[in-house]
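> I need the structure of the sequence given here:
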Amino acid sequence: MDVLWKCGTVALTSMLELWGAIPVGFLLQLPPFLTGLFSAIGAIASAGIVIFLGGSLRSWLMKRVEKKGKNQGRMGRIWEKYGVIGLGLASPLLTGAPLGAAIGISLGAPVGKLMWWMSIGIVLWSIILTVAVAYGLLTFLTL
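Down below sits the predicted model:
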């Protein structure tokens, strides 16, 4: 039961911010595999909620983007240069999964393609961050 609580905490934290979930998993002394897995699951769930249930959010964001212009900020430049693939791979790290998904739908990304590339980006960054933290802790503990 204790492991389920810890995994749930990591997943819920990841729904808000992938960067925060991985250190939480290590603080809760979850194995690196479970930390990375539940971090990815939480972030994918939050991206999916925004992508698939965000119709009204999309309308609001479209009005806002039209007022300000589409090419503002780092994510706008990534969108212009790399499209859905770049947005899906970069946004979990740069803006977080929910905001990246919202940016994607506001820019008119196809829902299925956006979900696919966001999921790949989330899994990729979950692995990279989990390995980085695990090796960083191992190095720190051996000193």
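
> ok, the closest residue in space to residue 85 that isn't next to it in sequence - contacts?
Excluding the flanking residues, the one nearest residue 85 by Cβ to Cβ, 6 or more residues apart in numbering is residue 117, at 5.3 Å. To be clear about C-beta, it is placed using only N, CA and C from the backbone, and glycine gets the same treatment. Neighbouring residues of residue 117 by Cβ atoms under 8 Å, 6 or more residues apart in numbering: 84-85, 87-89.

> what does residue 78 give?
Applying Cβ under 8 Å, 6+ apart to residue 78 gives the contacts 86-87, 90-91.

> mean confidence (pLDDT) on the longest helix seen in the chain, please.
Using DSSP state H, we find that the single longest helix of the chain is helix 111-142. Helix 111-142 shows a mean pLDDT of 88.

> what are the boundaries of the helices in the protein?
If DSSP H is used as the criterion, the helices of the chain fall at 2-16, 18-27, 32-53, 55-68, 73-94, 97-106, 111-142.

> so for the second one, what gets flagged as buried?
Okay, so that is helix 18-27. If you call a residue buried by 16 or more other Cβ atoms under 10 Å, then helix 18-27 has these buried ones: 18, 21-26.

> quick one: contacts of that helix?
With contact meaning Cβ under 8 Å, 6+ apart, helix 18-27 is reached by 6, 9-11, 13-14, 32, 34-36, 38-39, 42-43, 92-93, 96-97, 122, 125-126, 129-130, 133-134, 137.

> CA atoms of it as CSV?
Extracted in CSV, the C-alpha atoms of helix 18-27 (Å, rounded to 0.1, in the frame of the first residue of the first chain):
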residue,chain,number,x,y,z
LEU,A,18,7.5,16.7,-14.8
TRP,A,19,10.6,18.4,-13.3
GLY,A,20,9.1,18.2,-9.9
ALA,A,21,7.9,14.6,-10.0
ILE,A,22,11.2,12.9,-10.4
PRO,A,23,12.9,14.4,-7.4
VAL,A,24,9.7,13.7,-5.4
GLY,A,25,10.0,10.0,-6.4
PHE,A,26,13.6,9.9,-5.2
LEU,A,27,12.7,11.7,-2.0
